[in-house]
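Asker: after the sequence you'll find the predicted model.
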Amino acid sequence: MKPANAPHVAILDDEPEIRRMLSDALEEAGFRTTCYGRATEFEAGLKRSAPDVCLVDLSLPDRDGLGIVHRLALESGAAIIIISGRAQVQDRVTGLELGADDYIIKPFDPSEVVARIRARLRKGRTAATPAMQVASFAGWRAHFDRYVLVNEAGEETPFSHAEGEVLRLFLDSPNRLITRAQMQETLGGAAGESFDRAMDVRISRLRTKLGEDPKNPKLIKTIYGAGYIFLGDVSWN
């Protein structure tokens with residue numbers, strides 16, 4: 001019997017064989033799993049319990065998988081990993097731009113999926129120690145336990161798990177250059193055009209949520225050809 005605090009993985013795939021293969025591999029590795037064959041069942045399940053990781057297939061019988069990914073990125077704190085037979089670069093780029101944390105192409109080895117999930121959860125635990133869940137900066141408070149930004153008026157703006165990874169990277173190293181290579185090493189994923197575009201989208205969304213002028217941002221500055229710098233004093237509590 002799995003401990004109650006074992007990481008919970010929700011699996012959304014319309015192929016029973018895939019669901020069974022993933023569930024067996026993950027359960028054997030110590031995870032708790034819940035499987036869904038349709039998006040409507042998956043969404044109903046999310047209202048009952050919040051998983052730590054969501055594995056989402058893109059080809060679903062009742063909903064566009066990319067739409068599910070986008071909604072999860074906006075509303076859930078779970079890590080999102082796409083598992084799909086769509087192998088085109090543009091599909092991977094689109095999935096990452098919409099908020100996915102990783103993209104695995106079918107067919108795959110279940111052990112690879114287990115390893116990717118473990119790596120993603122390790123990053124999350126490293127980035128979210130209990131003593132450092134809330135950061136204050138430039139009139140904002142970022143709550144990484146609730147995935148929300150709070151302004152001076154007390155108004156809340158949610159951010160996704162993927163956006164939170166980027167924001168924490170900046171807040172952990174304020175006033176220092178962070179290169180693309182450092183971002184790729186810290187956040188994971190394959191270096192290349194799809195990773196760069198995904199980072200551009202996440203940073204653009206963070207700037208919008210922080211009320212930045214896209215033509216002249218004050219907090220997240222682009223250093224062309226080098227990387228980014230977060231300007232400002234940051235305190236953690």
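Answerer: Happy to help now that I have it. Numbers count the residues shown, from 1 in each chain.
Asker: in the protein, where is pLDDT below threshold?
Answerer: Counting by pLDDT under 70, the chain has low-confidence residues at 1-4, 123-132, 188-194.
Asker: contacts only, for the most centrally placed residue in it.
Answerer: Centroid-nearest residue in the chain: Ala162, 3.0 Å away (criterion: CA atoms, centre = their mean). The contact partners of Ala162, taken as CB atoms under 8 Å, 6 or more residues apart in numbering, are 73, 80, 99-101, 198, 202. For every residue, glycine as well, the C-beta is placed using N, CA and C.
Asker: Ala73 too?
Answerer: 80, 98-100, 160-163.
Asker: helix or strand for it, which one?
Answerer: Using DSSP states H and E, Ala73 maps to helix 65-75.
Asker: direction included, what does the next helix or strand after that helix pair against?
Answerer: For helix 65-75, the following helix or strand on the C-terminal side (DSSP H and E) is strand 79-84. The strands beside strand 79-84 in its sheet (DSSP bridges) come out as strand 53-56 (parallel), strand 102-105 (parallel).
Asker: please tell me how far the residue nearest to the centre of the chain sits from Glu97.
Answerer: With distances taken as CB to CB, to the nearest Å, Ala162 is found 10 Å from Glu97.
Asker: find residues that contact each of those two.
Answerer: Common neighbours of Ala162 and Glu97 (criterion: CB under 8 Å, 6+ apart): Ala198.
Asker: would you map out the domains in the chain?
Answerer: Domain segmentation of the chain under automatic domain parsing yields 8-127, 130-236.
Asker: tell me which of those sits most buried.
Answerer: domain 8-127 (a mean of 18; mean count of other CB atoms under 10 Å).
Asker: I figured Gln184 was touching Phe195, is that so?
Answerer: Yes. Using CB atoms under 8 Å, Gln184 is in contact with Phe195, at 5.8 Å.
Asker: Ser59: what's it in contact with?
Answerer: Ser59 is in contact with 14, 65, 84-86, counting by CB under 8 Å, 6+ apart.
Asker: now flag whichever of those is closest to Asn216.
Answerer: Compare each of these with Asn216 using CB to CB and the shortest gap goes to Gly65, at 37.0 Å.
Asker: tell me who's in contact with the nearest residue to that closest one once chain neighbours are set aside.
Answerer: With sequence-adjacent residues excluded and distances taken as CB to CB, 6 or more residues apart in numbering, Gly65 is closest to Leu58, at 3.4 Å. By CB under 8 Å, 6+ apart, the contact set of Leu58 is 64-66, 69, 82, 84, 86, 91, 95.
Asker: export those residues to JSON lines and tack on distance to Met21?
Answerer: What follows is the contacts of Leu58, written out as JSON lines (distance: CB to CB, whole Å):
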{"residue": "Asp64", "distance to Met21": "24"}
{"residue": "Gly65", "distance to Met21": "18"}
{"residue": "Leu66", "distance to Met21": "23"}
{"residue": "Val69", "distance to Met21": "21"}
{"residue": "Ile82", "distance to Met21": "17"}
{"residue": "Ser84", "distance to Met21": "15"}
{"residue": "Arg86", "distance to Met21": "19"}
{"residue": "Asp91", "distance to Met21": "22"}
{"residue": "Gly95", "distance to Met21": "21"}
